[in-house]
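>>> Give the three-dimensional model of this entry:
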Amino acid sequence: MTSRLRRVFAIAVVLCVAVIGQASGASASVVPDVAIDAPDPVTTGFYVSAFTGQSATQAFRAINSGSLVTVEIPINKVGNFNFTSLSLGLFGADGSDHPTGSVLASESISNSDVTTSPAWLRVNFSSPASIVAGQRYVLVLEDVGNTVYWRATNDSAFNGSTFVSSPSGWNSYVYSAGLRAFVDTSAPAPDVDVVPAAPPADVVQQVGLVETGGDCSRFTRDDLNWAGVPGDGWGQTWALWLNDGQGGVVCSRTLGYSQSLGRWIVR
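Sure thing, here's the model as predicted:
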């Protein structure tokens with residue numbers, strides 16, 4: 001091989017390595033962010049019901065700054081009915097972990113992408129929103145035309161941050177809707193003034209009366225006793241969410257966060 005050919009070959013190798021390195025760097029900039037996936041919501045049997053015309057929401061605190069490019073959620077349709085429309089949107093969170101302000105990013109979900117069996121669905125945002133590490137955000141699953149189950153887990157780290165819209169406001173869920181978020185950290189994050197977080201809103205816990213053994217006054221369950229709150233305070237009432245939206249008798253109580261004590265208490 002002549003010296004000229006050797007030089008051409010060496011330049012080609014260097015260019016090839018540079019291109020491969022650049023491609024690897026681009027993919028490496030997308031990293032996993034918050035995840036609510038243990039135990040796997042697909043298999044737990046828990047779910048958050050988004051009935052026709054309702055929205056189910058899950059709040060989270062961003063771990064990384066950058067663009068939220070992809071979210072995975074475990075969902076399924078109820079029955080073989082098609083929904084009119086289904087969308088997943090990203091909003092800022094207020095002090096009660098409810099969505100606030102204008103939608104930051106939104107993507108439609110196709111009927112053909114959602115099956116009657118629970119499964120993780122990947123949603124890629126065509127116009128990703130910038131998020132900031134440490135700030136709270138809300139994913140909103142809006143359903144029109146059919147019932148959709150957003151599969152959930154009993155990860156206590158996210159207790160009090162799952163809601164479903166209703167004519168009277170937001171109803172809190174005991175379980176946490178599953179999600180996996182992915183952030184492109186190469187994208188610049190917006191400048192944000194850090195505002196002290198407001199205390200979380202009171203949370204209503206509800207469990208079907210049958211699950212308690214038929215006696216609310218004697219019911220207790222460790223995973224519901226946040227930060228060591230007592231297991232008492234349960235009363236009997238009626239709730240629409242039970243029995244796939246048909247309603248039923250539940251045991252209910254309200255937890256509130258005491259700023260002076262720095263922990264949750266039974267109201």
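>>> drop to CA atoms for contacts and neighbour counts, all remaining ones
Fine.
>>> need the strands for the stretch 101-250 of the chain, in chain order.
With DSSP state E, counting those that start in this stretch as the definition, the stretch 101-250 of the chain shows strands at residue ranges 119-131, 136-144, 148-153, 162-166, 169-172, 176-177, 179-184, 203-208, 235-239, 248-258.
>>> Tell me which of those sits most buried.
Scoring those by mean neighbour count under mean count of other Cα atoms under 10 Å gives strand 176-177 as the most buried, with a mean of 30.
>>> follow-up on the earlier one: so can I have a markdown table of the strands of the stretch 101-250 of the chain showing distance to I36 and mean pLDDT?
Shown next, in a markdown table, are those (distance: least, Cα to Cα, whole Å; pLDDT from 0 to 100):
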| stretch | distance to I36 | mean pLDDT |
| --- | --- | --- |
| strand 119-131 | 12 | 95 |
| strand 136-144 | 13 | 88 |
| strand 148-153 | 8 | 90 |
| strand 162-166 | 12 | 83 |
| strand 169-172 | 17 | 82 |
| strand 176-177 | 7 | 92 |
| strand 179-184 | 5 | 95 |
| strand 203-208 | 20 | 80 |
| strand 235-239 | 26 | 82 |
| strand 248-258 | 22 | 80 |
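>>> Now distance to V48 too, for those strands, in TSV please.
Below are these laid out as TSV (distance: least, Cα to Cα, whole Å):
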stretch	distance to V48
strand 119-131	14
strand 136-144	10
strand 148-153	5
strand 162-166	8
strand 169-172	10
strand 176-177	7
strand 179-184	12
strand 203-208	13
strand 235-239	14
strand 248-258	16
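>>> Tally up the residues packed near G79, please.
By other Cα atoms under 10 Å, 12 other residues sit near G79.
>>> which residues does it contact?
G79 makes contact with T116, according to Cα atoms under 8 Å, 6 or more residues apart in numbering.
>>> Excluding chain neighbours, give the residue nearest to S65 in space.
V132 (4.3 Å; Cα to Cα, 6 or more residues apart in numbering).
>>> Q58 now?
Nearest one to Q58, counting by Cα to Cα, 6+ apart, is T162 at 4.7 Å.
>>> Might one say that the one you found is in contact with Y173?
Yes - using Cα atoms under 8 Å, T162 is in contact with Y173, at 5.5 Å.
>>> Touching, the residue nearest to S65 and N64? I think so.
Yes - between V132 and N64 there is a contact under Cα under 8 Å: 6.5 Å.
>>> Stretch 34-43: end-to-end distance?
20 Å (Cα to Cα, to the nearest Å).
>>> what comes up buried for it?
V34, I36, D37, D40, P41, V42 (16 or more other Cα atoms under 10 Å).
>>> I'd like the residues you listed as TSV, with distance to A157, secondary structure and pLDDT appended.
Output for these, formatted as TSV (distance: Cα to Cα, whole Å; DSSP: H, G, I helix; E, B strand; the rest coil; pLDDT from 0 to 100):
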residue	distance to A157	secondary structure	pLDDT
V34	12	strand	92
I36	9	strand	92
D37	12	coil	91
D40	15	coil	92
P41	15	helix	93
V42	18	helix	94
